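Engineer: Sequence first, then the predicted structure, then my questions.
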Amino acid sequence: QAQLVESGGGLVQVGGSLRLSCVASGFALENYAIGWFRQAPGKEREAVSYSSVRDGSTYYTDPVKGRFTISRDNGKNTVYLQMNSLKPEDTAVYYCAAARLDASLWTDEVWYNYWGRGTQVTVSS
């Protein structure tokens with residue numbers, strides 16, 4: 001059974017860092033495009049970052065560009081999201097998602113086949 005499990009969330013002060021992990025079971029992440037999304041309280045879920053399966057290109061939305069980095073460790077079947085210079089507005093539940101094919105519009109959730117349950121990130125000021 002295909003499954004994604006996120007971990008690494010927690011409470012951090014403004015300016016701090018966290019590294020989120022997303023471990024896959026039941027399928028090989030190296031054959032999937034991966035997206036990270038987040039949902040803040042009272043808001044819609046939004047895209048954060050993406051790693052292409054075709055050429056390894058990475059993408060970020062403007063709010064996190066320059067602060068977040070997505071990476072893969074295929075040997076561990078794991079994708080990471082390194083988050084630096086965290087801000088209170090980064091507080092959210094973070095989800096990873098896997099898509100069998102590279103998305104035409106990676107920010108659109110419809111492209112993703114598997115989702116994790118999320119991990120909470122709280123940035124305190």
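Structural biologist: In hand now; what should we look at? Numbering: from 1, shown residues only.
Engineer: Buried by neighbour count: which residues of stretch 79-96 qualify?
Structural biologist: The neighbour-count check on stretch 79-96 (16 or more other C-beta atoms under 10 Å) flags Val79, Tyr80, Leu81, Met83, Leu86, Asp90, Thr91, Ala92, Val93, Tyr94, Tyr95, Cys96 as buried. C-beta: built from backbone N, CA, C; applies to glycine.
Engineer: and if you look at stretch 30-49?
Structural biologist: Neighbour counts over stretch 30-49 (16+ other C-beta under 10 Å) mark Tyr32, Ala33, Ile34, Gly35, Trp36, Phe37, Arg38, Arg45, Ala47, Val48, Ser49 as buried.
Engineer: which residue is nearest the middle of the protein?
Structural biologist: Nearest to the mean C-alpha position of the chain, by C-alpha atoms, centre = their mean, lies Trp36 at 2.3 Å.
Engineer: what are the ranges of the strands in the protein?
Structural biologist: Counting by DSSP state E, the chain has strands at residues 3-7, 10-13, 18-25, 33-39, 46-51, 58-60, 68-73, 78-83, 92-99, 114-115, 119-124.
Engineer: so which of those strands gets nearest Trp106?
Structural biologist: Nearest of the strands of the chain to Trp106, taken as C-beta to C-beta: strand 46-51 at 4.1 Å.
Engineer: List the pairing partners of that closest one within its sheet, with orientation.
Structural biologist: strand 33-39 (antiparallel), strand 58-60 (antiparallel) (DSSP bridges).
Engineer: Show the average pLDDT along it.
Structural biologist: Across strand 46-51, the average pLDDT comes to 97.
Engineer: Output the strands paired with strand 46-51 as JSON lines; include the columns distance to Gly66 and mean pLDDT.
Structural biologist: Below are these laid out as JSON lines (distance: least, C-beta to C-beta, whole Å; pLDDT from 0 to 100):
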{"stretch": "strand 33-39", "distance to Gly66": "15", "mean pLDDT": "97"}
{"stretch": "strand 58-60", "distance to Gly66": "8", "mean pLDDT": "97"}
